[in-house]
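Enquirer: Pasting a predicted model and its sequence here:
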Amino acid sequence: MSTTAEEQAKLVETSKRLAAYQAVKDHLLPEYTRIGIGSGSTVVYVVEAIAALGPAATSKMAFYPTGSQSEELIEAAGLTLQYISKLPAGQQLDVAFDGADEVDDDLNLIKGGGACLWQEKIVAASAKQFVCVADFRKLSPRLGMAWKKGIPIEVLPMAAPRVLDELQRMGSQTPRIRPGLPGKAGAIVTDNGLWIIDAPFAPLLLPKDTEADRGSDGAWTVDALADGLIKIPGVAEIGLFYGKNGLQVASGAQKPVAAYFGMADGSVEVKTPSS
Ligand SMILES: O=C(CO)[C@H](O)[C@H](O)COP(=O)(O)O
C-alpha cells in the first residue's frame with residue numbers, strides 16, 4: 001500500500017514522538033538535577049515529554065541547551081535554563097538527550113544536520129549518559145548509506161577553501177559550504193559564528209570490518225576518518241560522534257548508551273551497545 005507524502009510526514013512525526021516519550025520515561029530519573037537538551041525536530045518531543053511530567057517532577061532540574069533552538073525550547077516549556085559554561089569543573093550532567101541524522105550498527109552517529117554539532121558534542125561529552133532519540137529513517141548499517149548530504153564539519157570561515165581542498169584529497173568528491181536558509185545570502189552561520197561544510201564520503205566501515213584505516217574499495221573506517229578530519233587546520237568540530245561502545249567519561253564520550261527509534265509500525269526499537 002503506498003502512502004502519500006503527507007501520510008509519511010505524519011508517520012515520521014509520530015515515530016519521533018514515541019521514541020522521545022519512551023527515552024524520557026527510561027532515562028530521566030526523578031533524582032536527576034542536570035539534563036542536557038540537544039537540537040533538532042525530534043528533541044522538541046523530548047522537551048514536550050519532560051514538560052508533561054509537570055513542575056512537581058521538574059522543578060529541581062536544570063536544563064542545558066546545545067544552541068539557540070534548544071535554549072528557546074527549554075524556556076518556552078517553562079523549564080529552568082542553565083549553561084554548560086556554568087557546570088563546575090569535575091561535575092557532569094546526569095543525562096543528555098539528542099537526535100541524530102544517522103545511526104550505524106555500532107551506535108556511531110552523524111550529527112549536525114541542524115548545524116549545532118559543536119555544542120551538541122560538548123554537552124553529550126559532559127553527561128554521564130548520552131541518549132539518542134530518532135525515527136526509523138535514521139537507522140543504518142553504515143554511516144553514509146542513509147544520510148547522503150555528507151558529514152557536517154564546522155569550520156573557521158577563513159579556512160574553508162583549504163578545508164575543501166583537504167576533504168577532496170581525503171576522498172570526498174563533492175564537499176560544499178552549507179548555504180544559508182532562504183532569505184539569507186551566503187553561508188549558514190552557526191551559533192558559534194562559524195560555517196558548516198557538508199562532506200559526503202563513501203559509506204563508512206566499522207572498525208571491526210577491517211584492521212586497516214581504509215577498506216580495499218577506499219572506504220574509511222569511522223574512527224580513521226574522524227581522526228583525520230579533526231586534524232585539518234581550520235576544523236573546529238566534526239559531526240561524527242564515535243568511539244568505544246558505551247564509554248562515558250568526562251573527556252570525549254560521544255556515543256549514546258542507548259538509541260531510541262520510533263518505528264513505522266508504532267513500536268519503539270531500543271539499541272544499546274550490546275544489542
Ligand atoms: O544534529 C542535529 C542538529 O545539529 C540534530 O540532532 C539532527 O540533525 C537530527 O535532527 P532531527 O531530529 O530534526 O531529525
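Expert: Done, it's in. Numbering: from 1, shown residues only.
Enquirer: Can you give me the domain boundaries for the protein?
Expert: 5-141+243-271, 151-241 (automatic domain parsing).
Enquirer: most tightly surrounded among these?
Expert: Counting by mean count of other CB atoms under 10 Å, domain 5-141+243-271 has the highest mean neighbour count of the domains of the chain, with a mean of 19. For the C-beta atoms, the positions are set from N, CA and C on the backbone; glycine is no exception.
Enquirer: Over to that one now: how far is its first residue from its last?
Expert: Start to finish, the residues bounding domain 5-141+243-271 are 28 Å apart (CA to CA, to the nearest Å).
Enquirer: Please apply the same query to stretch 119-131.
Expert: For stretch 119-131, the first-to-last residue distance is 16 Å (CA to CA).
Enquirer: Give me the residues contacting the longest helix along the chain.
Expert: If each helix of the chain is counted by residues according to DSSP state H, the longest one is helix 5-27. Contact partners of helix 5-27, identified using CB atoms under 8 Å, 6 or more residues apart in numbering, comprise 3, 41-43, 45-46, 48-50, 53, 95, 97, 129, 131, 133-137, 258, 260-264, 266-268, 270.
Enquirer: Now with 7 Å, please.
Expert: 41-42, 45-46, 49-50, 95, 97, 129, 131, 133-137, 260-264, 266, 268 (CB atoms under 7 Å, 6 or more residues apart in numbering).
Enquirer: Same question for stretch 121-134.
Expert: Against stretch 121-134 from outside (CB under 7 Å, 6+ apart): 19-20, 23, 27, 36, 42, 46, 64, 66, 84, 87, 92-100, 103, 109, 237, 241, 248, 250, 252-254, 256-261.
Enquirer: near the ligand too, which of the residues you listed?
Expert: With the criterion set as CB under 6 Å from any ligand atom, the members of the contacts of stretch 121-134 near the ligand are 42, 98, 99, 100.
Enquirer: Including secondary structure and pLDDT, could these go into TSV?
Expert: Output for those, formatted as TSV (DSSP: H, G, I helix; E, B strand; the rest coil; pLDDT from 0 to 100):
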residue	secondary structure	pLDDT
42	coil	98
98	strand	98
99	coil	98
100	coil	98
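Enquirer: From those, pick the one nearest residue 162.
Expert: Minimum distance to residue 162 across those is 28.6 Å, recorded for residue 100 (CB to CB).
Enquirer: my read: the closest one touches residue 107, true?
Expert: No. Residue 100 lies out of contact with residue 107 (CB atoms under 7 Å); the separation is 9.5 Å.
Enquirer: Doesn't residue 152 belong to a strand?
Expert: Yes. Under DSSP: H, G, I helix; E, B strand; the rest coil, residue 152 sits within a strand.
Enquirer: Bridged to it, which residues?
Expert: As for beta bridges, residue 152 partners with residue 198 under DSSP bridges.
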